[in-house]
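S.K.: Dropping a prediction and its sequence here:
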Amino acid sequence: MKLGLLVLLVLFSSSSICSAWFGSKHKTSSTSTSSSSSGSGRYSNRHEASSSSSSPFLLNRFRSSSSVVLPVHGNVYPVGFYNVTLNIGQPPRPYFLDIDTGSDLTWLQCDAPCARCSQTPHPLYRPSNDLVPCRHALCASLHHTDNYNCEDPHQCDYEVEYADHYSSLGVLVHDVYTLNFTNGAQLKVRMALGCGYDQIFPDPSHHPLDGMLGLGRGRTSLTSQLNSQGLVRNVIGHCLSAQGGGYIFFGDVYDSSRLTWTPMSSRDYKHYSTAGAAELLFGGKKAGVGSLFAVFDTGSSYTYFNSNAYQALISWLRKDLVGKPLKEAHVDQTLPLCWQGKRPFRSVYEVRKYFKPITLGFTSNGRNKAPFEIPPEAYLIVSNMGNVCLGILNGSEVGMGDMNLIGDISMLNKVMVFDNDKQLIGWTYADCDRVPKSRDVSI
């Protein structure tokens, strides 16, 4: 099980780790969270027809007509994450990256050399020599304040720690991403990423990946950097299939008239959170719980409600299952609440008839509601014991307080769009098994 919600730390102290590439790295107990700053970079185009696109006019034309669509692999259970393949470096080499809309920084497990790295599906990333300086705008965006300490002015040290206590320590470098755009261009785009030479993995069964793909709202995120170079609009979207796989996209590849929209929070600059509160409905009926603000985060496999909403949901479920051929399976520890039938289940579609949809009614335009429906197949899994388990957990038990987090499971079979330019979050049902490939793609 994976839990996102980035907690970003930039740490410096006297405890050094020797690195052949970057010298000594240091840690302290001081902490800082991600903030906004401007990014920069360069790109080269392999297509001569677009080689003049360095002018602002042509860049704007390119951005308005370009996007990137990448196929996704993985599932909620039993894999527990979704990942994409990106080609990075010169020459380009493939890397598997965990997609995370709850954090900003893209980083690779890195041979600098590596003090602690997990088993990776590809050879460790060999970093470029193009270090991001400590006073670079992208380095500043990793700090809570502009008044941060620079131990080495020639490099930007970072440490990121996630809510599940997974962490990476390293330095920022610039390197080349080879990306195929839907308008037919293949570009070598120079952007910043983290060279992570010291990772902590609290879960010994962690699935091997090469690194993390940060798709959050901050300036270091991949989408923000592409946008700062005039290549795409600052829009990120994804479509995760309940069958496994799906796709993500950067830029405009959707028909906005088909989506339901709710405003994005202007106060939470780190996460894709809703500006308005939602009301919880169970089976179309009010559950007596309102004022629910939510964060959408692919860094989390499951969905988390605050204590009040979770207890109301559990009460409704138990009441609604009375007289149905299900009983709680206390021996199944896959998730906190599981039920067993007369015989093992093979799919949630065998058992969905016993459960009702859950709806979060968000504010749309001040008066109308923007319903985010979570059908049974988007909040239930079938465990390897053949029981059906609830994929909505109590966030208060893992330190989330009053926050509500919509994870991968509840975004299945939906196109989710996070439009940072217009400050909107949108969704609609879709066939996520069909990855768009057309030059004139429109979802």
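M.R.: Okay, I see it. Given the structure is predicted, the values throughout are model-derived calculations rather than measurements. Numbers count the residues shown, from 1 in each chain.

S.K.: which residues in the chain form helices?
M.R.: 56-65, 137-140, 222-228, 307-320 (DSSP state H).

S.K.: taking these together, which one is wrapped up most tightly?
M.R.: With neighbours taken as mean count of other C-beta atoms under 10 Å, the helices of the chain reach their highest mean count in helix 222-228, at a mean of 24. C-beta here means a position set from N, CA and C on the backbone, and glycine is covered the same way.

S.K.: List every C-alpha atom in that helix, with coordinates, as CSV.
M.R.: Output of helix 222-228 as CSV, limited to C-alpha atoms (Å, rounded to 0.1, in the frame of the first residue of the first chain):
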residue,chain,number,x,y,z
LEU,A,222,7.6,18.2,-14.8
THR,A,223,4.5,19.9,-16.1
SER,A,224,5.6,23.3,-14.7
GLN,A,225,9.0,23.0,-16.3
LEU,A,226,7.5,22.1,-19.7
ASN,A,227,5.1,25.0,-19.3
SER,A,228,7.9,27.4,-18.4
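
S.K.: Count the neighbours of Pro91 for me.
M.R.: Per other C-beta atoms under 10 Å, the neighbour tally for Pro91 reads 7.

S.K.: Tyr254 versus that one, what's the distance?
M.R.: As defined by C-beta to C-beta, to the nearest Å, Pro91 lies at a distance of 33 Å from Tyr254.

S.K.: Next: Val132.
M.R.: The gap separating Val132 from Tyr254 is 32 Å, by C-beta to C-beta.

S.K.: Would you mind giving the domain segments of the chain?
M.R.: Domains of the chain are assigned by automatic domain parsing as 6-251, 256-429.

S.K.: Could you tell me the least trusted of those domains?
M.R.: With a mean of 80, domain 6-251 has the lowest mean pLDDT of those.

S.K.: Surely Asp264 touches Ile425?
M.R.: Heads up, residue 264 is Met, not Asp. Yes. At 5.3 Å, Met264 counts as touching Ile425 under the criterion of C-beta atoms under 8 Å.

S.K.: which residues are common contacts for those two?
M.R.: Taking C-beta atoms under 8 Å, 6 or more residues apart in numbering as the criterion, Met264 and Ile425 both touch Tyr272, Thr274, Phe418, Asp419.

S.K.: Just the buried subset of the residues you listed, please.
M.R.: Tyr272, Thr274, Phe418, Asp419 (16 or more other C-beta atoms under 10 Å).

S.K.: Switch those residues over to TSV; also include distance to Ser364.
M.R.: Shown next, in TSV, are these (distance: C-beta to C-beta, whole Å):
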residue	distance to Ser364
Tyr272	17
Thr274	11
Phe418	16
Asp419	15
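
S.K.: The residues you listed in strands, which ones?
M.R.: Using DSSP state E, the subset of those located in strands is Tyr272, Phe418, Asp419.

S.K.: list the contacts for the last one?
M.R.: By C-beta under 8 Å, 6+ apart, Asp419 lies in contact with Arg233, Asn234, Val235, Met264, Ile425, Gly426.

S.K.: quick one: the strands in the stretch 51-200 of the chain?
M.R.: 67-75, 81-88, 93-100, 107-109, 157-162, 167-180, 186-200 (DSSP state E, counting those that start in this stretch).

S.K.: Which one, of those strands, ends up nearest to Gln225?
M.R.: Nearest of the strands of the stretch 51-200 of the chain to Gln225, taken as C-beta to C-beta: strand 186-200 at 4.5 Å.

S.K.: helices or strands up against the closest one?
M.R.: Using 3 or more C-beta pairs under 8 Å, 6 or more residues apart in numbering; DSSP states H and E, the elements in contact with strand 186-200 are strand 15-19, strand 42-45, strand 107-109, strand 167-180, helix 222-228.

S.K.: can you pull the buried residues of the fourth one?
M.R.: By neighbour count with 16+ other C-beta under 10 Å, strand 167-180 contains the buried residues 167-179.

S.K.: for Leu70, which residues make a bridge with it?
M.R.: Ile248 (DSSP bridges).

S.K.: Was I right to think it contacts Phe249?
M.R.: Yes. Proximity of Leu70 to Phe249 meets the contact threshold set by C-beta under 8 Å, at 7.3 Å.

S.K.: Compare the two (neighbour count), which wins?
M.R.: Set Leu70 next to Phe249 and count neighbours by other C-beta under 10 Å: Phe249 wins out with 25 against 19.

S.K.: in terms of contact, does that one touch Val68 like I think?
M.R.: Yes. Using C-beta under 8 Å, Phe249 is in contact with Val68, at 6.5 Å.

S.K.: Could you point out which of the helices and strands packed on strand 186-200 sits nearest Ala192?
M.R.: Go through the helices and strands packed on strand 186-200 one by one with C-beta to C-beta and the one that ends up closest to Ala192 is strand 167-180, at 5.2 Å.

S.K.: can you state the direction angle for that closest one and strand 157-162?
M.R.: Orientation note: strand 167-180 sits at an angle of 100 degrees relative to strand 157-162 (axes from the mean of the first three to the mean of the last three C-alpha atoms, to 10 degrees).

S.K.: Okay then, goodbye and thanks.
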